[in-house]
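coordinates only, sequence not included:
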């Protein structure tokens, strides 16, 4: 029984893992990888299409799930003058796509000793004076595959609003497309990373964490652990089942409400 | 186009008990400095305007004005930032706004005139900003001093003064951006009177001086501080010799220069304790009875509180 | 994928009937609650459907320190394989000399570098080498959270119990104790570095439930937890001036004649050149094996998860444990085809979403430990035939994500699960309004190189941290304990490596003697010559193109 189910599962996943069988494909599209035409199955991702065409990624593929920014791609669709940006792993192919990947953005990051930097707006300008060159053209926002308001967070950086930068830039995966397109040559994601760290450091470590660390360091739990280690397997299992059952009296909706990165809702 | 230097008469004044109810609101552009280095300027402005029955409505999602105004005539890119702010105003359903920082005022007003002068420029900028609604043109850029003078009126303001500034000698410092070029100046470029009239309506004595309309040195403070020190020596020296208690400005950069370089002047030219620099809204707010805590006086490099506390009943 | 399908709200029309049943039954399901958690006996019963229990997937190893022990076929194929490089053809003149060499640039490797430095090794004497970019790892995709028992209602002892029971009481207890006792310190360290974890209105950490936890202790940064942790420590790494080599996977370790690990051969994947690195200690932090697609499952893992570290360590004589178990995350995306296998974080269930079959019924307690949950879903789809079948033939069940909005208020999904919301939006599905389809996906290497609580292995000079290690999770890992594993043991391994190198006068001459010995063992065991490892990258190139490929340059 077990083996039969495994075979059925393996078969169902065949297309995704070992590649699609050409015989199964009903619809095709043409895409142009750095100008070269390739006929690929419709309805797959750009990343799958580039591999189908015969490329084996060394650069240009990372998490394959939209978290790492390795597969940043710029493209135009035939007949449309607009330049678009996307993540290859998260974008479906379109007929007539002309694309190229940009797997690396040259972007210097200044070194700093974070413990010596004040959580103030002037700190950002000190290390990234070029943010004052922002002309509010919004090109960065249009280039962002995560649809973030990039210009808005640079504007927040300009006026020293670290919390604003943190909130607006949080989902940034540092693909670099904004910085490549920026006419003012700002390196947005390095500014944002710095601002988020500064903001994070301006929030105190919650008291409950500090207390617990002190307790552990002073050996408060040593005795309990010794006792636990001396129990038999059955006794431990009973303890485990009890905790799983009772959950310390807590209920499933005992989790606080939170806003983005910081202060909660009242 | 010459500007009127004569204050218009005010709207019907409200009785003091209702002065905290805002019956009116005007869109407001803060600019970057007022959110960081010059928070006192904004705070005092909000509080003072409230006392006059007005609310300052901050533009949503405003962006840096891009100061200073770009002098290259084929550079449309530098007008994108100001125009985007004008679109915000129109998205609020409004057709005018006030700025406090003189540099923001100057940059925004000149940009407004630039796109108004040639519709081709406006349509190209609108086409570039394809993710925004078009700017329809016509947004009026005002400086708060203009607004106080022409819309609210100095007599109305006088009627609401709670702490008259009798005995206080206040020197206005206009600098450049409020007055030049002529087309965007809020007053006569060589002999302005707006601030003096305001001070007098608040009960203070205005201290005129010949350097009140000269440049403080602006961004030369970064690479060429010696130049700024010379300017400040002249500007402050002139008002010191006229026994001014305070200097009043409308620009965070002027304030920065006048404070920092005053403190670096030594020798017989050094004023004894340093003359404090206030934003006009802080002086206005003080006279209107705004509590000190809401005026942001603590941020000043030279403490103005001793000068203010010496007032009769103050 | 064969016919042109009409899509409604992102789903093929034929699925709508089932979706409507999910919507219709929701109110009642919320009122009644899910089925109760399983008893230990019921857990054993359902585990028969776990892929680990189905025959045909594993075999005893023929060679090496764990000869006779069971490992998945795909892993055994790599362990029983010949080296990529021919020892006779390599010149072992040292190119780079370091005190500590760290292999792998995820959470574990980066943390090891920082703490080796904290312990006194100058940054320009520490080399971090990665196969792809620094940060390309499974760590960066971790979504739901990091466990730490730092609230008054919780304690490290309870955390220990949860992980021990979840691991079927097979975890190495001294290592597990180190994990749970270090956890609050790690949270403090990360916060002081500037990490932004979710907080409530009092500034305290918001902590959620996870599968198999008896207290809510999952610390999260939206659903970008791994990314937030890694990018902060990576930023700190970049500030300090370490040596860094990207796109330079290790293809062999180097050993002294006595068998002490003292370096590695790194290979530049872009140009083909190799570098010989000499080090006094090597920290192996090479991550997992999802791209081996064990049993033909899709995976949540990143592109480079090909078990390289296991291969290298095995040849050097490292002992493994618990390789006979593989973690399948219960909820990988099952639709649309473009995202099959990608992680749907446990946090979705932690926030209350039910696991629902085709008929709209919640058929299992949503927060069982992962192996139990995954088995239950497989049973529901393939034995009870109550799953939904996708156009590509995958079976799946629903995760009723709209419940989250109902329980916690509108806007919760955008706030707490922005990455997932964004992913589904890209493919035309609004997970706030419609449920999402899931099926188990290959996720985590439970076992690996055995260590002591300081990341030390049975091989001198070799330290291990993170997913590639084995013992701390036993035979099944709980949510939120993997990022914790990387951080705790990245630190411990870094510290231990630093202390070790300070005592070590000389690491001895570099040889590939251990590889030559291993090759002998392979030949004796009759392993066919064609098999080579590590494989470094999976190969997804189109079959038709591959059939016409020749290497002419």
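Ah, there it is. Only a predicted model underlies this, so the values are computations on that prediction, with no experimental measurement involved.

alpha carbons only for contacts and neighbour counts from here, please
OK.

okay, now stretch C:119-129: how far is its last residue from its first?
20 Å (Cα to Cα, to the nearest Å).

if we look at it, which residues are touching it?
For stretch C:119-129, the surrounding residues in contact (Cα atoms under 8 Å, 6 or more residues apart in numbering or on different chains) are C:97-105, C:109-110, C:113, C:117, C:240-250, C:266, C:495, C:498-499.

cutoff 7 Å now
C:98-105, C:113, C:117, C:240-246, C:248-249, C:495, C:498 (Cα atoms under 7 Å, 6 or more residues apart in numbering or on different chains).

buried residues of the helix or strand where residue A:3 lies, list them for me.
Element membership for residue A:3 (DSSP states H and E) is helix A:2-18. Buried residues in helix A:2-18, counted by 16 or more other Cα atoms under 10 Å in any protein chain shown: A:2, A:5, A:6, A:8, A:9, A:10, A:12, A:13, A:14, A:16, A:17.

the contacts of stretch C:119-129 in helices, which ones?
C:113, C:117, C:240, C:495, C:498 (DSSP state H).

identify, from these, the entry nearest to residue C:338.
If you rank the ones in helices among the contacts of stretch C:119-129 by distance to residue C:338 using Cα to Cα, residue C:113 comes first, at 36.3 Å.

give the contact list for the closest residue to the closest one other than its chain neighbours.
Spatial nearest neighbour of residue C:113, excluding adjacent residues (Cα to Cα, 6 or more residues apart in numbering or on different chains): residue C:494 at 6.1 Å. Residue C:494 makes contact with C:112, C:113, C:115, C:116 under the criterion Cα under 7 Å, 6+ apart.

which parts of the stretch 51-200 of chain B sit against chain A?
Contact residues (Cα under 7 Å from any Cα of the partner chain) of the stretch 51-200 of chain B with chain A: B:63, B:64, B:66, B:78, B:80, B:81.

from those residues, which two are the most distant?
The most widely separated members of those, counting by Cα to Cα, are B:63 and B:78 (12.6 Å).

who's more crowded, these two?
Between residue B:63 and residue B:78, residue B:63 has the larger neighbour count (other Cα atoms under 10 Å in any protein chain shown), namely 27 against 24.

quick check, that one in contact with residue A:156.
No. Judged on Cα atoms under 7 Å, residue B:63 makes no contact with residue A:156 at a distance of 8.6 Å.

quick one, what contacts the closest residue to chain B within the stretch 151-266 of chain A?
Nearest residue of the stretch 151-266 of chain A to chain B (Cα to the nearest Cα) works out as residue A:159 at 4.7 Å. Contacts for residue A:159 (Cα under 7 Å, 6+ apart) come out as A:121, B:32, B:33, B:35, B:36.

so how far is residue C:186 from it?
33 Å.

residue of chain C nearest chain B, please.
residue C:426 (19.7 Å).

can you map out the strands along the stretch 101-250 of chain C?
Here the stretch 101-250 of chain C has its strands, by DSSP state E, counting those that start in this stretch, at C:126-129, C:146-147, C:207-208, C:218-219, C:243-245, C:250-255.

please pick the buried ones from the contacts of stretch C:119-129.
C:98-105, C:113, C:117, C:240, C:242-246, C:248-249, C:495, C:498.

so what's the residue count around the nearest residue to residue C:299 once chain neighbours are set aside?
Closest residue to residue C:299 apart from its sequence neighbours, by Cα to Cα, 6+ apart: residue C:442 at 4.5 Å. Residues lying near residue C:442 (other Cα under 10 Å) number 28.

how about residue C:442, what does it touch?
Contacts of residue C:442 by Cα under 7 Å, 6+ apart are C:290, C:293, C:297, C:298, C:299, C:300, C:327, C:328, C:329.

what about the closest residue to chain C within the stretch 51-200 of chain B, distance to residue A:139?
When scored by Cα to the nearest Cα, the stretch 51-200 of chain B has residue B:131 as its residue closest to chain C, at 19.7 Å. Relative to residue A:139, residue B:131 is positioned 10 Å away (Cα to Cα).

quick one on the thing from earlier: how about the contacts of residue C:494 in JSON lines, adding pLDDT and distance to residue C:76?
JSON lines is the format used below for these (pLDDT from 0 to 100; distance: Cα to Cα, whole Å):
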{"residue": "C:112", "pLDDT": "98", "distance to residue C:76": "29"}
{"residue": "C:113", "pLDDT": "98", "distance to residue C:76": "31"}
{"residue": "C:115", "pLDDT": "98", "distance to residue C:76": "34"}
{"residue": "C:116", "pLDDT": "98", "distance to residue C:76": "33"}
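
so which of these is the most crowded?
Most surrounded of these: other Cα under 10 Å gives residue C:112, at 36 neighbours.

picking that back up, residue B:131 and residue A:139: which has the busier surroundings?
Between residue B:131 and residue A:139, counting by other Cα under 10 Å, residue A:139 is the more crowded of the two (18 against 10).
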